[in-house]
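S.K.: here is my input; please provide its structure:
(4 chains)
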Protein chains: 2
Amino acid sequence: MYNYMSLKDHVYEYISKGIQKGTLKSNDKLNEQEISRELNISRTPVREALIQLAAEGLLISEPRKGFRVKPLTLKEAKDLYQIVGHLEAMAAVLALDQISPEDISRMERLKGDMDEAINAHVFDKYYKLQVEFHNIYLSKCGNDELINILKLLKKRFIRQGYSGRDPEGLSEIFKETNRQHGEMIELFKKKDSAQLEKYIKEVHWDIKYAALDVV
Amino acid sequence: MYNYMSLKDHVYEYISKGIQKGTLKSNDKLNEQEISRELNISRTPVREALIQLAAEGLLISEPRKGFRVKPLTLKEAKDLYQIVGHLEAMAAVLALDQISPEDISRMERLKGDMDEAINAHVFDKYYKLQVEFHNIYLSKCGNDELINILKLLKKRFIRQGYSGRDPEGLSEIFKETNRQHGEMIELFKKKDSAQLEKYIKEVHWDIKYAALDVV
DNA sequence: TTCCCGCTTTTTGTATACAATATATATAAA
DNA sequence: TTTATATATATTGTATACAAAAAGCGGGAA
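M.R.: Next up, the predicted model:
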């Protein structure tokens, strides 16, 4: 059996998705019994999932009170952005020697697709493409722990989709971030590691963008 | 009740310490029933602790097989060292403006104490002092998430004490790392952020030291 | 009203029970 | 002897049960 998923894992996905989609909001209480009723399972796997989610920073656990969705404050989002920026920069520098011409082409193609998505105002599509873009160099950095940590950290500030937000404002911001993707491609081509590191850290993951993820 | 600890938390500490002290070694199987017998509790809090430990990277979980102590390979230790190096460097730079003359004095005092500990071959003492030293600037970096992440990461490669290892070899290495602590103090004094970052990242957390933590 | 106290209900934390899978053992065939 | 197969045992995953603490509620006192 290849991808066996325990009930705990299902609950994990369920809550996780709820936080991302925005159905679960900051500070929302997670009632174990309620969840077990919703999924027609017992409380045991529910509690196990909640403990895991708390360990990963998505929930906070208050002894004898229960679990709540960890609120993402602006301060916390900025802190996370800063960390992610540093680690992404590190990954890019590590990947620099492993990036193939095909990787560069894929990045360029993705940049084009992203522009289309932005113009069409399909922001969830843009989001997915952007993940793919970053994953190209992450997957070549050679540091598996780094890849994992970044995945967990990013999970913490990606909440709810972009629906119901000002499309023009988002467009402007994403046009700029995608322009930055272009710059990054250039730096990869030039193999300018110092500039690449600085650019990713200080420009692309500038904490001013953190506000975007705070709900 | 201030520091309420659930049974789950006790198990967490128990296993956690076991890994650090070396009584639990890489790939050791964790039998839930056995642990619950040892601590005179039921399996429920045991499982909860194991899940949390797996989420934090200390254990690995194999579906329907159970939990094992995650082996720390040289590759993994190096990967973690590299990440910690980058994040420590980041923290130091962030802390630079917040470091007071008193902090510097404390660091200098600690450096002296560490030299004493090394000369007396009391390496566990050195270890504790060194943690305290690094915590001085970490606590002033202003990024709480960073502090947390570093704590978790370090937990993963600190295994078993230094007893039963060549004291002369350890002495030599620690003398050098403590000399580096001195260099760091100088850079803090000079407020030379670029050099400080580079030094911590490339010298103090050089991956060649990773081998020290692999058992 | 507002605050406080005691009672009831809910919810968490833990123990126990049981089903399903994995592991170990024994037996038989090559 | 080795390999394969059947059976017994141990272990995990999940459900249920229960005790202890927290939250909710109603009635009085200020």
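
S.K.: the closest residue to DNA strand C within chain A: what's it in contact with?
M.R.: Residue nearest to DNA strand C within chain A (Cβ to the nearest atom of the strand): A:Gly66, separated by 3.1 Å. Bear in mind the C-beta positions are built from the backbone N, C-alpha and C, glycine included. By Cβ atoms under 8 Å, 6 or more residues apart in numbering or on different chains, the contact list for A:Gly66 reads A:Lys29, A:Leu30, A:Asn31, A:Glu32.

S.K.: so which of these are in strands?
M.R.: Those of the contacts of A:Gly66 mapping onto strands are A:Lys29, A:Leu30, per DSSP state E.

S.K.: which one (most neighbours) among the contacts of A:Gly66?
M.R.: Counting neighbours by other Cβ atoms under 10 Å in any protein chain shown, A:Leu30 comes out on top of the contacts of A:Gly66 with 20 neighbours.

S.K.: which residue is nearest the middle of chain A?
M.R.: Per Cα atoms, centre = their mean, the C-alpha nearest to the average position across chain A is that of A:Lys154, at 3.2 Å.

S.K.: name the element that residue belongs to?
M.R.: Using DSSP states H and E, A:Lys154 sits in helix A:144-157.

S.K.: touching, the residue nearest to the centre of chain A and A:Val84? I think so.
M.R.: Yes: at 6.5 Å, A:Lys154 counts as touching A:Val84 under the criterion of Cβ atoms under 8 Å.

S.K.: what helices or strands is the helix or strand where A:Val46 lies leaning on?
M.R.: Using DSSP H and E, A:Val46 sits within helix A:43-55. Under the contact definition 3 or more Cβ pairs under 8 Å, 6 or more residues apart in numbering or on different chains; DSSP states H and E, helix A:43-55 sits against helix A:7-21, helix A:32-39, strand A:59-62, strand A:66-69, helix B:43-55.

S.K.: domains in chain A, by residue range?
M.R.: For chain A, automatic domain parsing gives the domain ranges A:7-69, A:74-213.

S.K.: chain center to the longest one: distance?
M.R.: In this case it means domain A:74-213. 10 Å (Cα atoms, centre = their mean, to the nearest Å).

S.K.: average pLDDT for it?
M.R.: Across domain A:74-213, pLDDT averages out at 95.

S.K.: does chain B have contacts with that domain?
M.R.: Yes: residues of domain A:74-213 are located near chain B by Cβ under 8 Å from any Cβ of the partner chain, namely A:76, A:79-80, A:82-83, A:86-87, A:90, A:143-146, A:149, A:153.

S.K.: neighbour-wise, which of those leads?
M.R.: A:Leu87 (26 neighbours).

S.K.: gap between A:Arg68 and DNA strand D?
M.R.: Using Cβ to the nearest atom of the strand, to the nearest Å, A:Arg68 is found at 11 Å from DNA strand D.

S.K.: can you give me the pLDDT of that residue?
M.R.: 98.

S.K.: near DNA strand C, which residues of chain A? Just list them.
M.R.: A:1, A:29-33, A:43-44, A:47, A:61, A:63-67 (Cβ under 7 Å from any atom of the strand).

S.K.: out of these, who's nearest chain B?
M.R.: A:Pro63 (4.7 Å; Cβ to the nearest Cβ).

S.K.: these two touch, right, that closest one and B:Tyr4?
M.R.: Yes: A:Pro63 is within contact range of B:Tyr4, at 4.7 Å (criterion: Cβ under 8 Å).

S.K.: which one's the longest helix in chain A?
M.R.: helix A:167-190 (DSSP state H).

S.K.: what sits up against it?
M.R.: So helix A:167-190 is contacted by A:92, A:96, A:99, A:104, A:107-108, A:110-111, A:114-115, A:118-119, A:121, A:123, A:126, A:130, A:133, A:137, A:162, A:195-196, A:199-200, A:203-204, A:209, A:212 (Cβ under 8 Å, 6+ apart).

S.K.: if you count neighbours, what's buried in it?
M.R.: Neighbour-count burial for helix A:167-190 flags A:Leu170, A:Ser171, A:Ile173, A:Phe174, A:Thr177, A:Asn178, A:Gln180, A:His181, A:Met184, A:Ile185, A:Leu187, A:Phe188 (criterion: 16 or more other Cβ atoms under 10 Å in any protein chain shown).

S.K.: in JSON lines: those residues, plus distance to DNA strand D.
M.R.: Shown next, in JSON lines, are the buried residues of helix A:167-190 (distance: Cβ to the nearest atom of the strand, whole Å):
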{"residue": "A:Leu170", "distance to DNA strand D": "37"}
{"residue": "A:Ser171", "distance to DNA strand D": "42"}
{"residue": "A:Ile173", "distance to DNA strand D": "39"}
{"residue": "A:Phe174", "distance to DNA strand D": "40"}
{"residue": "A:Thr177", "distance to DNA strand D": "40"}
{"residue": "A:Asn178", "distance to DNA strand D": "42"}
{"residue": "A:Gln180", "distance to DNA strand D": "43"}
{"residue": "A:His181", "distance to DNA strand D": "41"}
{"residue": "A:Met184", "distance to DNA strand D": "41"}
{"residue": "A:Ile185", "distance to DNA strand D": "43"}
{"residue": "A:Leu187", "distance to DNA strand D": "45"}
{"residue": "A:Phe188", "distance to DNA strand D": "42"}
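
S.K.: in contact with the closest residue to A:Val215 other than its chain neighbours, which residues?
M.R.: Spatially, and ignoring its direct neighbours in sequence, A:Val215 is nearest to A:Arg159 (5.4 Å; Cβ to Cβ, 6 or more residues apart in numbering or on different chains). Shown in contact with A:Arg159 (Cβ under 8 Å, 6+ apart): A:Ile19, A:Gln20, A:Gly22, A:Leu72, A:Asp213, A:Val215.
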